[in-house]
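S.K.: sequence first, predicted model second:
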Amino acid sequence: MSIKKATVLRAVVSALLVAGVATGGVLITLKVADFQRVQYFDLRKFQAAAAAATLDFKEIESLRGSSEDVGTPAFEELRSQLIRIRNTDPRLTFVYLMRPGGDEMVFLVDAEDPESEDYSPPGQVYEEALPGDFLVFKGKRSPVAKIEGPITDRWGTWISATAYILDDKGKPVALLGTDVDVERALASFNDIRYMGILFTVLFSVLLALILLQWILWRHMRDRREALRREMEESIVRLNTELLEADRLKSEFIESASHELRGPATAVDGALQVMDHELSGELSDIGRELLEIALSGSNRLVDLVGDLLDLTSIEAGGIAINPVEVDAGELVRTTVSEFLALAREKGLTLESRVEEGEPGRLEVFADPKVLLRVLENLVANAIKYTDSSEITVAVKAVDDMVRFTVRDTGRGIPKRFEDEVFKRFSRLHLYTGSEERGAGLGLAISMGLAETHSGRILVESEEGKGSTFYFDVPRHYEPAD
């Protein structure tokens, strides 16, 4: 086979491989999103059925389905129950009772505020009712909970879960409806699709680049082999050098294949080597471009690493290897690692280790996990502190060991303190800082803390700084 045909064949096979990976990734993403959607719908149906079971059919039967019901004990009791049902799930928008009134479906009780323009008073006709809504009351369908949507009516577009209130003979007396705005209901599933497709595209692009490199390398190797066969007698020495180059490149391709899970790390490493070895040979523009590439690759490496860590944590894939460790030594180690970085910003970084009876700061835990959490907290403190000092402390509190990272930075507004531990939470949006991050560090730290049955708390005063508390049991117990 000619070199050209072999190259074309490799290109076709590589394209099919990339297409297969991309297609498989998209299909898996859609499958996972659909599975989550089905689970959510099943949960909504269960919630509606459970709520319907708490309502007294006798009180419902006593209602006339008109304005005369307002103020009656049965009406007020049912409305209170509907309000409680709505308050159990902040995603619920409307909770109401309806039943047929002749050939029309009318509202009996609505949990909405009577002053709201969305309130449906007793006796109001639900004009959007479908013929099938009446079949259960006519005994032509089983009174089972169901979920429908998207359904559009005069109030908007909804995912609606309904269940029936039955009398003591099993006959339906009313329909309980619970509505969730369709955008709110489907947002998480759309996020799963978006993130899955995004990662699939990223991985496919990286795979395509590596395969392209492999194709070019094979093409050049084939050409060299052809040339060697033609000039074997006259280029023996060159042939030896080419074989050595071939061996080195084979090792490179093998190494690159092993790095498919972390291609961003390989790119970052190459850029750092270039910065170290060739920076003096570059022009000013070349140096500026190299710095931009280094900055971008560093952020990409951090993002990919954080995403992999977060995924492992959520999947319960973090291996915990507990040993006896001195918590005070962990604090001193962390401070020594970040001392130079703090000094570059003109900050004072110090450690405070509680002195007491021997062994009070001994913990049975995984030191790598504890260090990772401390490093994340200290790195954040340095990033968002412009002056003064940062203190890293540890002390024993009952059967726990408490690590404390206190800074004098910008602080976090009180209303955003609960947000900082969520995925993709961006501290600079709350503090006005020019620093940027992926918003995963604190989420990862919280996940790692929970693997040790621990927790992270924050106290902050805007403009005066923040204090993060990291509590872990002195003896490791697996989290539920």
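M.R.: Sure thing, it's come through. Residues are numbered from 1 along each chain as shown.
S.K.: dump stretch 3-19 to CSV, keeping only the CA atoms.
M.R.: Extracted C-alpha coordinates of stretch 3-19, given in CSV (Å, rounded to 0.1, in the frame of the first residue of the first chain):
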residue,chain,number,x,y,z
ILE,A,3,2.2,6.0,1.7
LYS,A,4,-0.6,8.3,0.5
LYS,A,5,-3.3,5.6,0.7
ALA,A,6,-2.1,4.5,4.2
THR,A,7,-2.3,8.0,5.4
VAL,A,8,-5.8,8.4,4.0
LEU,A,9,-6.8,5.1,5.6
ARG,A,10,-5.5,6.2,9.0
ALA,A,11,-7.3,9.5,8.7
VAL,A,12,-10.6,7.8,7.9
VAL,A,13,-10.2,5.4,10.7
SER,A,14,-9.3,8.2,13.1
ALA,A,15,-12.2,10.3,12.0
LEU,A,16,-14.6,7.3,12.6
LEU,A,17,-13.0,6.8,16.0
VAL,A,18,-13.5,10.4,17.0
ALA,A,19,-17.1,10.4,15.6
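S.K.: any buried residues in that stretch, and which?
M.R.: Within stretch 3-19, the residues scored as buried using 16 or more other C-beta atoms under 10 Å are 7, 10, 14, 18. C-betas here are computed from N, CA, C, even on glycine.
S.K.: is residue 406 in a helix, a strand, or coil?
M.R.: The three-state label given to residue 406 by DSSP: H, G, I helix; E, B strand; the rest coil is strand.
S.K.: give me the buried positions along the strand or helix carrying residue 390.
M.R.: For residue 390, the host element (DSSP states H and E) is strand 389-397. Residues 390-396 are the ones in strand 389-397 that count as buried (16+ other C-beta under 10 Å).
S.K.: what pairs with that strand, parallel or antiparallel?
M.R.: Paired neighbours of strand 389-397 in the sheet (DSSP bridges): strand 348-353 (parallel), strand 400-407 (antiparallel).
S.K.: distance between it and the chain's centre?
M.R.: 30 Å (C-alpha atoms, centre = their mean, to the nearest Å).
S.K.: what do you get for stretch 137-155?
M.R.: Worked out by C-alpha atoms, centre = their mean, stretch 137-155 lies 34 Å from the chain centre.
S.K.: over to stretch 167-185?
M.R.: With C-alpha atoms, centre = their mean, you get 32 Å for stretch 167-185.
S.K.: in that stretch, which residues are buried?
M.R.: Neighbour-count burial for stretch 167-185 [16+ other C-beta under 10 Å]: 172-182, 185.
S.K.: and residue 14, helix, strand or coil?
M.R.: helix.
S.K.: give me the nearest residue to it, chain neighbours excluded.
M.R.: Closest residue to residue 14 apart from its sequence neighbours, by C-beta to C-beta, 6 or more residues apart in numbering: residue 211 at 4.0 Å.
S.K.: how about the one you found, phi and psi?
M.R.: Backbone torsions of residue 211, given as degrees, to the nearest 10, read phi -60, psi -40.
S.K.: ok, it touching residue 12?
M.R.: No: between residue 211 and residue 12 there is no contact under C-beta atoms under 8 Å: 11.3 Å.
S.K.: pop the domain breakdown of the chain in here.
M.R.: Using automatic domain parsing, the domain parsing of the chain gives 34-187, 323-473.
S.K.: okay if I get these as JSON lines plus mean pLDDT and distance to residue 225?
M.R.: Shown next, in JSON lines, are the domains of the chain (pLDDT from 0 to 100; distance: least, C-beta to C-beta, whole Å):
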{"stretch": "domain 34-187", "mean pLDDT": "87", "distance to residue 225": "50"}
{"stretch": "domain 323-473", "mean pLDDT": "83", "distance to residue 225": "46"}
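S.K.: which one of those lies closest to residue 199?
M.R.: Among those, the nearest to residue 199 by C-beta to C-beta is domain 323-473 (13.9 Å).
S.K.: quick revisit: just the closest of the buried residues of stretch 3-19 to residue 230, please.
M.R.: Closest to residue 230, out of all of the buried residues of stretch 3-19 and judged by C-beta to C-beta, is residue 7, at 19.0 Å.
S.K.: so what's the closest one up against?
M.R.: 215, 218-219, 222 (C-beta atoms under 8 Å, 6 or more residues apart in numbering).
S.K.: can you rerun that using 7 Å?
M.R.: 215, 219 (C-beta atoms under 7 Å, 6 or more residues apart in numbering).
S.K.: mind checking how far it is from residue 21?
M.R.: 21 Å (C-beta to C-beta, to the nearest Å).
S.K.: just for the stretch 151-300 of the chain, where's the confidence low?
M.R.: Applying pLDDT under 70 to the stretch 151-300 of the chain flags the ranges 234-239, 242-268, 271, 274-282, 287, 290, 294-300.
S.K.: residue ranges of the strands in this protein, please?
M.R.: 94-101, 104-110, 146-153, 156-166, 172-181, 323-326, 348-353, 362-365, 389-397, 400-407, 455-461, 465-473 (DSSP state E).
S.K.: packing partners of the second one?
M.R.: In terms of contact count using 3 or more C-beta pairs under 7 Å, 6 or more residues apart in numbering; DSSP states H and E, strand 104-110 is assigned the packing partners helix 73-87, strand 94-101.
S.K.: and that strand, what's buried?
M.R.: Buried residues in strand 104-110 (16+ other C-beta under 10 Å): 105-110.
S.K.: how about the fourth one?
M.R.: Residues of strand 156-166 classed as buried under the neighbour-count rule (16+ other C-beta under 10 Å) are 158-166.
S.K.: got a markdown table for these, with distance to residue 88 too?
M.R.: As requested, the buried residues of strand 156-166 are exported to a markdown table (distance: C-beta to C-beta, whole Å):
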| residue | distance to residue 88 |
| --- | --- |
| 158 | 18 |
| 159 | 17 |
| 160 | 17 |
| 161 | 13 |
| 162 | 17 |
| 163 | 14 |
| 164 | 19 |
| 165 | 17 |
| 166 | 21 |
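S.K.: which one of these is nearest residue 25?
M.R.: Checking the buried residues of strand 156-166 against residue 25 with C-beta to C-beta, the nearest one is residue 159 at 27.4 Å.
S.K.: list the contacts for the closest one?
M.R.: So, once contact is read as C-beta under 7 Å, 6+ apart, residue 159 ends up touching 147, 149-150, 180, 182, 185.
S.K.: same check, this time on residue 185
M.R.: Per C-beta under 7 Å, 6+ apart, neighbours of residue 185: residue 159.
S.K.: in contact with residue 458, which residues?
M.R.: Taking C-beta under 7 Å, 6+ apart, one finds 412, 417, 420, 466, 468 in contact with residue 458.
S.K.: how many other residues sit next to the third one?
M.R.: When neighbours are counted by other C-beta atoms under 10 Å, residue 420 registers 23.
S.K.: quick check, it in contact with residue 442.
M.R.: Yes: using C-beta atoms under 7 Å, residue 420 is in contact with residue 442, at 5.3 Å.
S.K.: tally up the residues packed near the residue lying closest to residue 372 once chain neighbours are set aside, please.
M.R.: In space, and not counting its chain neighbours, residue 372 is closest to residue 448: 5.9 Å by C-beta to C-beta, 6+ apart. For residue 448, the count of nearby residues is 25 (other C-beta under 10 Å).
S.K.: residue 448 and residue 360, how far apart?
M.R.: In terms of C-beta to C-beta, residue 448 sits 23 Å off from residue 360.
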